[in-house]
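Visitor: I'll drop the sequence and a predicted model, then ask my questions.
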Amino acid sequence: MLITSLILEMILFVMLPFKAMAGEGFSCLNSKIIEQKINSIIAQKTSNIFYLPASGALEDDYIIRLDELHSMPFSAHRESPDRQKLFTLSNTGFYMLVLKLSVHFCRFQEKINRSSF
């Protein structure tokens, strides 16, 4: 029996350099508040941001804003001549991403009881 893949769409994440996001344009805010937010992002305590530390092919730290996701047909990625693998998440990193995506898409923070029909 031949099993074929049914992946039709894939999710794309926009990776933003963390240094650019951490220090630019926030001079009007209290530096302690900025430092607390940066530490919260690095500790993966911010539910809508996923932090990627520099390692392997990633020379700098990056963040992924989970509220800025895009989709594209999987066939377009498979047929692209310039595709390349930048990094692989560890098991811990993968489960942290899955947890954050689940929290983000299920919107637990809204505290709305969505009963089933």
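Guide: Noted; the coordinates are in hand. Numbers count the residues shown, from 1 in each chain.
Visitor: mind telling me what element Lys37 is part of?
Guide: helix 31-42 (DSSP states H and E).
Visitor: tell me the strands beside the helix or strand just after that helix, with direction?
Guide: The helix or strand immediately downstream of helix 31-42 is strand 49-52, counting by DSSP H and E. Strand pairing for strand 49-52, using DSSP bridges, gives strand 62-73 (antiparallel).
Visitor: may I see the buried residues of the strand it pairs with?
Guide: Across strand 62-73, burial judged by 16 or more other CB atoms under 10 Å covers Tyr62, Ile63, Ile64, Arg65, Leu66. No exception for glycine: its C-beta is placed from N, CA and C like everyone else's.
Visitor: cool, and stretch 49-65?
Guide: Those would be Ile49, Phe50, Tyr51, Leu52, Asp61, Tyr62, Ile63, Ile64, Arg65, for stretch 49-65 by 16+ other CB under 10 Å.
Visitor: turn these into CSV, columns for distance to Pro17.
Guide: Putting those into CSV (distance: CB to CB, whole Å) gives the following:
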residue, distance to Pro17
Ile49, 13
Phe50, 14
Tyr51, 12
Leu52, 10
Asp61, 7
Tyr62, 6
Ile63, 8
Ile64, 11
Arg65, 12
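Visitor: returning to what we had before: then the helix holding Lys37 to PDB, C-alphas only?
Guide: Taking C-alpha atoms only, helix 31-42 is exported to PDB below (Å, rounded to 0.1, in the frame of the first residue of the first chain):
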ATOM      1  CA  SER A  31      14.700  51.400  30.000                       C
ATOM      2  CA  LYS A  32      13.600  49.000  32.800                       C
ATOM      3  CA  ILE A  33      10.400  48.200  31.000                       C
ATOM      4  CA  ILE A  34      12.300  47.500  27.800                       C
ATOM      5  CA  GLU A  35      14.800  45.300  29.600                       C
ATOM      6  CA  GLN A  36      12.000  43.300  31.200                       C
ATOM      7  CA  LYS A  37      10.300  42.800  27.800                       C
ATOM      8  CA  ILE A  38      13.600  41.600  26.200                       C
ATOM      9  CA  ASN A  39      14.200  39.200  29.100                       C
ATOM     10  CA  SER A  40      10.600  37.900  28.800                       C
ATOM     11  CA  ILE A  41      11.200  37.300  25.100                       C
ATOM     12  CA  ILE A  42      14.500  35.500  25.600                       C
END
